[in-house]
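Student: Sequence plus the predicted model coming up.
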Amino acid sequence: KCDKCSHEWKTTVNSLTKGTGCPACAEYGFNTQEKAIVYLLKQPDKMKIGITNLYDNISENSRIKKHQSKGWELVDYVIFDNGQDALNIEQNVLAYLDANNIGRGRAVFRESFDGYTECWRASDYNPKTIAEIVILKTHDITRYQKNLG
């Protein structure tokens, strides 16, 4: 529980000892209470989903610029007024990848790099938009629910 804002969240002891703060009122890192972006990036052989807060224009976002400086191309992005909504989309996309056995992170890449746990091989899955991933996920859930009934 946060001492400042009383927000409660689940975390690990390791995260707390590293100094990871409250996701609701953090003055650094990702703040779930601020405007945010879900972005989709691509390199020739990799895809990446990510989130960052939006404080300025998308083209000036330091997180995206950092990835672009390492050869990533911005494929698509969606802006949310509430960072929690962006976080939920990112987590749903990662769950979709895992549920469909699309390997990511350490299971696929030998080297670690910034954000590698949210990356997968472009040859395994190559969406053109974030909406495409979310629509596929929604469609799969609907189909699954129909099969149960």
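Tutor: Alright, I've got the coordinates. Since we're looking at a predicted model, the values are computed, not measured.

Student: okay, CA-based contacts and neighbour counts for the rest of this
Tutor: Noted.

Student: Identify each buried residue in stretch 6-13, please.
Tutor: Along stretch 6-13, no position meets the burial threshold by neighbour count (16 or more other CA atoms under 10 Å).

Student: Then stretch 123-135?
Tutor: Neighbour count says stretch 123-135 has 130, 133-134 buried, by 16+ other CA under 10 Å.

Student: Just these: which are in helices?
Tutor: Mapping those onto helices (DSSP state H) picks out 130, 133-134.

Student: which stretches of the chain form strands?
Tutor: Listed in chain order, the strands of the chain (DSSP state E) span 36-42, 46-53, 73-80, 119-121.

Student: can these go into JSON lines with extra columns for mean pLDDT, mean neighbour count and distance to Gln91?
Tutor: Converted to JSON lines, the strands of the chain look like this (pLDDT from 0 to 100; neighbours: other CA atoms under 10 Å; distance: least, CA to CA, whole Å):
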{"stretch": "strand 36-42", "mean pLDDT": "93", "mean neighbour count": "23", "distance to Gln91": "11"}
{"stretch": "strand 46-53", "mean pLDDT": "93", "mean neighbour count": "23", "distance to Gln91": "10"}
{"stretch": "strand 73-80", "mean pLDDT": "91", "mean neighbour count": "17", "distance to Gln91": "15"}
{"stretch": "strand 119-121", "mean pLDDT": "96", "mean neighbour count": "24", "distance to Gln91": "13"}
